[in-house]
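> Provided below for reference: sequence and predicted model.
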Amino acid sequence: MGTVTVPIQIGDLQGSRFEELDIIVDTGSTYTAVPRAMLERLGVPIQRSLPSETADGRIIPVDVGETVVVLEGLQFHTPVIFAEENEPILLGVVTLEEASLAVDPVAGRLIPTHVLRY
């Protein structure tokens with residue numbers, strides 16, 4: 001499977017200011033990771049620190065906040081990790097599920113899930 005990259009807008013908590021970036025969809029990541037500098041420019045507050053397992057198996061603390069995103073025309077709140085400069089920028093499964101989206105690996109894009117499970 002190839003890499004799927006999609007445009008996303010990251011906003012402040014009020015949804016009044018946004019910045020756009022292309023982000024890699026990573027179904028192995030729980031939360032969406034956004035550059036710390038961008039979140040700080042938008043005034044997104046850190047709400048807590050959580051342990052996070054890296055791709056190489058290390059456990060490190062990460063700062064987590066909540067922000068507004070626009071993805072595939074939908075605007076909603078989602079938790080975000082404050083990614084450091086050398087860390088990957090990733091769209092995680094929590095954000096995908098909040099938007100009712102899934103990855104179509106053949107087409108290399110996001111698709112609606114249409115069916116909610118509860």
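Perfect, I can see it now. Numbers count the residues shown, from 1 in each chain.
> From now on I want contacts and neighbour counts done on CA atoms only, so please keep to that.
Fine.
> end-to-end on stretch 82-102?
Across its full length, stretch 82-102 reaches 23 Å between end residues, using C-alpha to C-alpha, to the nearest Å.
> And for residue 71, nearest residue in space, chain neighbours not counted?
Excluding the flanking residues, the one nearest residue 71 by C-alpha to C-alpha, 6 or more residues apart in numbering is residue 8, at 5.2 Å.
> likewise residue 68?
Taking C-alpha to C-alpha, 6+ apart as the measure, residue 68 lies nearest to residue 77, with 4.3 Å between them; neighbours along the chain are not counted.
> A helix includes residue 22, no?
No. Per DSSP: H, G, I helix; E, B strand; the rest coil, residue 22 lies outside any helix segment and is strand.
> what's the burial count for it?
For residue 22, the count of nearby residues is 13 (other C-alpha atoms under 10 Å).
> Would you mind listing the residues in contact with it?
5-8 (C-alpha atoms under 8 Å, 6 or more residues apart in numbering).
> tell me which strands and helices the helix or strand that contains residue 10 is in contact with?
Under the criterion DSSP states H and E, the helix or strand holding residue 10 is strand 5-11. Counting by 3 or more C-alpha pairs under 8 Å, 6 or more residues apart in numbering; DSSP states H and E, the packing neighbours recorded for strand 5-11 are strand 18-25, strand 59-71.
> Pairing partners for the most centrally placed residue in the chain in the sheet, please.
To find the centre residue of the chain, average its C-alpha atoms and take the closest one (C-alpha atoms, centre = their mean): that gives residue 32, at 2.4 Å. Residue 32 forms beta bridges with residue 80, as assigned by DSSP bridges.
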